[in-house]
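Trainee: Here is the input, now give the coordinates:
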Amino acid sequence: MTTHASTPWRGTLSRVFLFLAQSLGRFVLVIWGAATAGFVALRLIPGDPVDVMLGVQARVSESVRAQIRLEWGLDEPLITQYFLYLGRLIHGDLGVSYQLRTPV
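Mentor: Residues are numbered from 1 along each chain as shown. A predicted model of the protein is given here:
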C-alpha cells in the first residue's frame, strides 16, 4: 500500500498560486488605473499641457515649448500620446523635471 503524502499539499499550493495570481492582477490593474488617471488629469486641466509641466513662472520661448511638445509626443493624436506615455512609464523614463532640471 502506497499513499501519496503530497496530495494534500497540491490543494494548498494551488490556492496559494491562485491568491498570488489574483493579487498580482489587482496590483497591475491599480497601477494601470493610477497611470491612466494621471494621464487624463493632465489633459483635463485647462490650457496647454506644456504650460502645466513648466509651471506658471516659466519664461521660455515658443521654440522651447515646441521642442517639449515634440519630445513628449504632444503633437500626436491623443491615443498615441497615451501609449507613448505608458511605454515611457513601463521603462521608467519619466523624463526631466522642467522646473528642477533633474531626472524624474
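Trainee: in the protein, what spans have low per-residue confidence?
Mentor: Filtered on pLDDT under 70, the chain yields the residue ranges 1-8, 98-99.
Trainee: repeat that for 90
Mentor: By pLDDT under 90, the low-scoring segments of the chain are 1-14, 42-62, 64-65, 68-69, 71-75, 92-104.
Trainee: could you point out which element follows the longest helix seen in it?
Mentor: Using DSSP state H to define each element, the chain has its longest helix at helix 7-44. Going down the chain from helix 7-44, the next helix or strand is helix 49-54, by DSSP states H and E.
Trainee: The next helix or strand after that next one: which residues count as buried?
Mentor: As assigned by DSSP H and E, the chain's next helix or strand after helix 49-54 is helix 62-71. For helix 62-71, the neighbour count (16 or more other Cβ atoms under 10 Å) marks R65, I68 as buried. (Glycine included, C-beta is placed from N, CA and C.)
Trainee: which other helices and strands contact helix 62-71?
Mentor: Packing contacts for helix 62-71, counted by 3 or more Cβ pairs under 8 Å, 6 or more residues apart in numbering; DSSP states H and E, involve helix 49-54.
Trainee: contact partners of the helix it packs on?
Mentor: The contact list for helix 49-54 (Cβ atoms under 8 Å, 6 or more residues apart in numbering) reads L42, R43, I45, A58, V60, R65, I68, R69, W72, L74, Y98, Q99.
Trainee: Determine which two of those residues are furthest apart.
Mentor: Farthest apart among the contacts of helix 49-54 by Cβ to Cβ are R43 and V60. That separation is 20.8 Å.
Trainee: you'd agree A35 is up against R88?
Mentor: No - the criterion here is Cβ atoms under 8 Å, and A35 misses it with R88 at 10.4 Å.
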